[in-house]
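Trainee: A structural model of the following input is requested.
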Amino acid sequence: MNNFLTYILQDWQVNAETSSKSRFILLMFRLAQIIKSFPVPFSLLFLPYRFLYILIIDWILGIDLHWNTQIGANLQLHHGHALVINHDTIIGANCTIRHSTTIGNKKLPDGSYSSSPKIGNNVDIGANVVIIGSITIGDNAVIGAGSVVVKNVSESTVIAGNPARVIRSNNSTKLPVFDTIIMDDL
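Mentor: Predicted coordinates for the structure are as follows:
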């Protein structure tokens with residue numbers, strides 16, 4: 001039971017300064033991941049919960065955050081509004097995402113779709129950012145507000161603009177990466 005609570009509350013403390021809405025969104029997100037992992041017949045609870053999750057998070061709160069997106073521990077959401085994250089996106093631990101951000105795939109010239117971005121640990125993403133395509137954002141990167149990112153970003157780099165370009169190297173002390181809580185540990 002302790003591991004269960006630890007897992008669903010893993011984002012709680014880092015969102016203490018953001019909003020109760022951010023805490024609620026991430027609590028429901030982590031709970032959806034847990035319920036889906038239950039063995040049958042308990043996993044049948046997921047169907048009504050999935051409907052409730054989509055109704056509240058997607059339709060009412062305007063956050064497109066699929067329940068099976070891979071997200072590391074301690075995700076911080078600022079304002080939690082107009083956020084779209086493709087379900088194939090991978091987000092590392094200790095990341096910050098601000099409102100009106102889109103992270104996802106893009107349509108290729110042949111009509112197919114690319115894979116989604118892989119975002120490293122300790123990445124800080126500003127408001128109104130678009131990150132699309134089969135790209136990698138390195139650890140400790142900072143993406144300025146309003147940026148459009150369509151190419152790989154090196155670790156410890158500050159980027160901004162449309163299209164995003166390197167502004168400077170981020171030589172600040174790297175933040176520690178806390179252990180990601182894996183559902184298999186529960």
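Trainee: can I assume Leu5 sits in a helix?
Mentor: Yes - secondary structure of Leu5 (DSSP: H, G, I helix; E, B strand; the rest coil): part of a helix.
Trainee: ok, it - contacts?
Mentor: With contacts defined as C-beta atoms under 8 Å, 6 or more residues apart in numbering, Leu5 has no neighbours. Using the backbone N, CA and C atoms, a C-beta is placed for each residue, glycine as well.
Trainee: how close does it get to Phe38?
Mentor: Look at Leu5 and Phe38: by C-beta to C-beta, to the nearest Å, they are 16 Å apart.
Trainee: also Ile8?
Mentor: In terms of C-beta to C-beta, Ile8 sits 13 Å off from Phe38.
Trainee: neighbour-wise, which of the two wins?
Mentor: Ile8 (20 against 12; other C-beta atoms under 10 Å).
Trainee: these two touch, right, that one and Arg30?
Mentor: Yes - the criterion here is C-beta atoms under 8 Å, and Ile8 meets it with Arg30 at 4.3 Å.
Trainee: quick one, what contacts Val150?
Mentor: Counted by C-beta under 8 Å, 6+ apart, Val150 has contacts Lys106, Ile132, Gly133, Ile135, Pro163, Ala164.
Trainee: where does pLDDT dip in this protein?
Mentor: Along the chain, the parts satisfying pLDDT under 70 run over 1, 43, 172-186.
Trainee: where do the helices of this protein begin and end?
Mentor: 2-8, 20-37, 46-53 (DSSP state H).
Trainee: by contact count, what packs against the last one?
Mentor: Under the contact criterion of 3 or more C-beta pairs under 8 Å, 6 or more residues apart in numbering; DSSP states H and E, the helices and strands touching helix 46-53 comprise helix 20-37.
Trainee: tilt between the helix it packs on and helix 46-53?
Mentor: For helix 20-37 against helix 46-53, the angle by axes from the mean of the first three to the mean of the last three C-alpha atoms, to 10 degrees is 160 degrees.
Trainee: in helix 20-37, which residues are buried?
Mentor: Residues Ser22, Arg23, Ile25, Leu26, Leu27, Met28, Phe29, Arg30, Leu31, Ala32, Gln33, Ile35 are the ones in helix 20-37 that count as buried (16 or more other C-beta atoms under 10 Å).
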